[in-house]
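>>> 3D, please:
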Amino acid sequence: MRSVATKIFLAFGVSLAAFALVSAFGIARLHDLGRSLRLLSDAYLPLTRIAAQIDVKDWVAPRLLEAGALDPASRRALVALARARFPSLVREKIAEGRAVAGRALKEAPAEEAAFLKEVVGRLDGLDASWSRYDGAARALLDTAETGEAPPPETSLQAARTMEKALAIDVKLLQAALESHTSELVLRAGREESRTVASIVIYTLLALSVGAGAALVSQRLLAPIRTLTEGVKAVASGDLSRQVEVRGSDELGVLAREFNAMAESLERQRQELRRAERLAAVGRISAHITHEIRNPLNSLGLNAELLADEIEPGASAEARALLRAITREVDRLNGVAEEYLRFARLPRPVMTREDLNEILGGLVDFVAPEMAGAGVTVRRELAPDLPPIWGDEGQLRAAFLNLLRNSREAMSAGGTVVVRTVRTADGGVEATVSDTGPGIPSEGQAKIFDPFFSTKSGGTGLGLAFTLQVVTEHGGTIRCQSEVGRGTSFSVCIPPAPDGAGGEEAVSA
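Modelled structure (predicted):
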């Protein structure tokens, strides 16, 4: 799971990498262009200048032809002048050209190194040709200076041919250098245009990547606004507000935890309201029960005394009225006792208990009552259940309410299943299911509210009492019902804590 910070860092890292690649590309291309320009300025232009300075045309042969028509003294003077003008700079320029080409070869790319090697080869050829021409020319000058007659015509023609060949080689070298220099300048111009266009295109692409990174970052941070609005809503009292944030990063985890917190606060608020209502109902029930129990007891006692007084001569109608009064007084006393038990539920005395044993004894106790109503009770108690930490009397009373509710719901008979299983946390889940008519969906949310009952004549305190007992034991109770299929109540009780004494009673 990547965090939001990591994702944002990666997005901007990609953007920076794109700009870095554009910069590296621009630097590399500019470096290549600079190398080409340095090659022009440091190699080809000096070589072109050196080639232009090598002039070997008509240096010796014309002078000797002119000297042939002169007298010996004049001929010697002309030869001395020709020898003085004979260029000694050619070999120096060839050496200088070799040095320039050698330095350029060290840094030149492969395609330029081939041409520079060709230039070096041409310079070596010029050096060799110049050496031959130099020897022949000096021999002719020596002959013309010491002899009475001019040099032979064949020697002059040979020297003239060498001069022309040298001139042609120098011109070819100059042409090659000028042509290649022009080509390199044009190529550098094209490379510059392509480099500028490429940098512009790649810069636009890098900007697109940067804009994408900004959009990704904005999208990643957008849930923060949603969370902020959710926090404000919860702070204002709207605990039903849920934040929809998808993803597995820390914002997604924070959103899920926020929703869980809001749900927990809503449950706690509902439980607090329920507790407040139960406390109010308990106070009212205790007050009403206290007010009516004594008069009811007096009514019952007076009815018994009246029956004793009129028994010898009482009519059947009078005796029936007295029995009806006694039954109603007993029923009202039962209702008052139920109200008082709900209002003054004692704190449970916790011990290690076997829930299978409690339920088994309770099923045996209600078996005749169930059989009389045509209800079959089936046990599905899982073996080897862990002990629970509870008050046996209160648990028996709570499950007795569930069994009697099931019996009363099946007026035409049916089946009740009492089932226990081990829960994932090591506790015990006990389920009481019946095949009765079920509870309508609109009534399922209110079945644990005090004084709400789906039965005619019911007090509406049985399930409220059961919920109160289960809550005191740190457990939970839930109802699943389907109209026409029956109802199922599931009670989860946590296991006994480690180290708790087997028979030691602890007031919760």
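>>> tell me the mean pLDDT over stretch 27-36?
Averaging the model's pLDDT scores along stretch 27-36 yields 81.
>>> who touches it?
Taking contacts as CB atoms under 8 Å, 6 or more residues apart in numbering, the residues outside stretch 27-36 that touch it are 107, 109, 184, 187-188, 191-192, 195, 198-199. C-beta here means a position set from N, CA and C on the backbone, and glycine is covered the same way.
>>> can you say which of these are buried?
184, 188, 195, 199 (16 or more other CB atoms under 10 Å).
>>> confirm the last one sits in a helix?
Yes. With DSSP: H, G, I helix; E, B strand; the rest coil as the criterion, residue 199 is assigned to a helix.
>>> can I get stretch 381-398 in PDB? Just the C-alpha atoms.
Listed next in PDB are the C-alpha coordinates belonging to stretch 381-398 (Å, rounded to 0.1, in the frame of the first residue of the first chain):
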ATOM      1  CA  LEU A 381     -26.100 -27.700  22.100                       C
ATOM      2  CA  ALA A 382     -22.500 -27.800  21.000                       C
ATOM      3  CA  PRO A 383     -20.200 -29.900  23.200                       C
ATOM      4  CA  ASP A 384     -17.100 -28.600  24.900                       C
ATOM      5  CA  LEU A 385     -18.100 -24.900  25.000                       C
ATOM      6  CA  PRO A 386     -15.900 -22.600  27.000                       C
ATOM      7  CA  PRO A 387     -17.300 -21.300  30.300                       C
ATOM      8  CA  ILE A 388     -18.900 -17.900  30.400                       C
ATOM      9  CA  TRP A 389     -18.800 -15.200  33.100                       C
ATOM     10  CA  GLY A 390     -22.300 -14.600  34.200                       C
ATOM     11  CA  ASP A 391     -25.200 -14.600  36.700                       C
ATOM     12  CA  GLU A 392     -27.100 -17.800  36.500                       C
ATOM     13  CA  GLY A 393     -30.400 -16.400  37.800                       C
ATOM     14  CA  GLN A 394     -30.500 -13.400  35.500                       C
ATOM     15  CA  LEU A 395     -29.500 -15.500  32.400                       C
ATOM     16  CA  ARG A 396     -32.200 -18.100  33.200                       C
ATOM     17  CA  ALA A 397     -34.700 -15.200  33.500                       C
ATOM     18  CA  ALA A 398     -33.600 -13.700  30.200                       C
END
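>>> what about the nearest residue to residue 155 once chain neighbours are set aside, which helix or strand?
Nearest in space to residue 155, with sequence neighbours left out and distances taken as CB to CB, 6 or more residues apart in numbering, is residue 140 at 5.8 Å. Residue 140 is part of helix 110-146 when elements are defined by DSSP states H and E.
>>> point out the other helices and strands that that helix packs with.
The contact analysis (3 or more CB pairs under 8 Å, 6 or more residues apart in numbering; DSSP states H and E) places helix 110-146 against helix 61-67, helix 72-85, helix 90-107, helix 153-235.
>>> and these as JSON lines, adding distance to residue 425?
Compiled in JSON lines, the helices and strands packed on helix 110-146 are given as follows (distance: least, CB to CB, whole Å):
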{"stretch": "helix 61-67", "distance to residue 425": "119"}
{"stretch": "helix 72-85", "distance to residue 425": "117"}
{"stretch": "helix 90-107", "distance to residue 425": "78"}
{"stretch": "helix 153-235", "distance to residue 425": "29"}
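>>> most tightly surrounded among those helices?
Across these, the average number of neighbours (mean count of other CB atoms under 10 Å) peaks for helix 61-67, which reaches a mean of 18.
>>> and that helix, average pLDDT?
On average, the pLDDT along helix 61-67 is 55.
>>> residue 359: neighbouring residues, count only.
Using other CB atoms under 10 Å, residue 359 has 22 neighbouring residues.
>>> might you report the residue contacts of the spatially closest residue to residue 117 that is not a sequence neighbour?
Distances taken as CB to CB, 6+ apart put residue 105 closest to residue 117, at 7.1 Å, once the chain neighbours are dropped. With contacts defined as CB under 8 Å, 6+ apart, the neighbours of residue 105 are 113, 116-117, 120.
>>> ok, and the closest non-adjacent residue to residue 488?
Leaving aside its sequence neighbours, residue 488 is closest to residue 433 (4.0 Å, by CB to CB, 6+ apart).
>>> partners of the helix or strand hosting that neighbour, with directions?
Under the assignment given by DSSP H and E, the secondary-structure element containing residue 433 is strand 428-434. Sheet pairing here is set by DSSP bridges, and for strand 428-434 it gives strand 414-422 (antiparallel), strand 486-493 (antiparallel).
>>> check those for me and report the most buried one.
Here the criterion is mean neighbour count by mean count of other CB under 10 Å, and of the strands paired with strand 428-434 the winner is strand 486-493, at a mean of 22.
>>> ok, and what's touching that one?
With CB under 8 Å, 6+ apart as the contact definition, strand 486-493 has outside contacts at 355, 388-390, 395, 398-399, 402, 406, 409, 414, 423, 427-439, 470, 473-481.
>>> give me the spatial nearest neighbour of residue 322, chain neighbours excluded.
Taking CB to CB, 6+ apart as the measure, residue 322 lies nearest to residue 307, with 4.7 Å between them; neighbours along the chain are not counted.
>>> the one you found belongs to a helix?
Yes. Secondary structure assignment places residue 307 in a helix (three-state DSSP).
>>> what number of residues lie near it?
Residue 307, neighbours per other CB under 10 Å, totals 17.
>>> just residue 130 next, same as before
As a burial measure, the neighbour count of residue 130 was computed by other CB under 10 Å and equals 21.
>>> how close does it sit to residue 167?
Distance of residue 130 to residue 167, given as CB to CB, to the nearest Å: 12 Å.
>>> cool, and residue 327?
Counting by CB to CB, the separation of residue 327 from residue 167 is 150 Å.
>>> residue 385 is in contact with residue 360, correct?
No. Proximity of residue 360 to residue 385 does not meet the contact threshold set by CB atoms under 8 Å, at 11.7 Å.
>>> between these two, point out the one with more neighbours.
When neighbours are counted by other CB under 10 Å, residue 385 comes out ahead of the other of residue 360 and residue 385, with 20 against 15.
>>> which element is the more buried one on?
Using DSSP H and E, residue 385 maps to neither a helix nor a strand.
>>> now do the contacts for it.
The neighbourhood of residue 385, defined by CB under 8 Å, 6+ apart, consists of 354-356, 420, 422, 428.
>>> could you measure from it over to residue 477?
Per CB to CB, residue 385 is found 18 Å from residue 477.
>>> again with residue 197
Distance of residue 197 to residue 477, computed by CB to CB: 77 Å.
>>> ok, residue 299 next?
The gap separating residue 299 from residue 477 is 37 Å, by CB to CB.
>>> ok, now residue 378?
Distance of residue 378 to residue 477, computed by CB to CB: 21 Å.
>>> have a look at these two and say which one is more surrounded.
Under the criterion of other CB under 10 Å, the comparison of residue 378 against residue 477 puts residue 477 first, with 19 against 11.
>>> bridging across strands, which residues link to the more buried one?
When bridges are called by DSSP bridges, residue 477 pairs up with residue 491.
>>> returning to that earlier point: mean pLDDT lowest where, among the helices and strands packed on helix 110-146?
Ranked by mean pLDDT, the helices and strands packed on helix 110-146 bottom out at helix 61-67, with a mean of 55.
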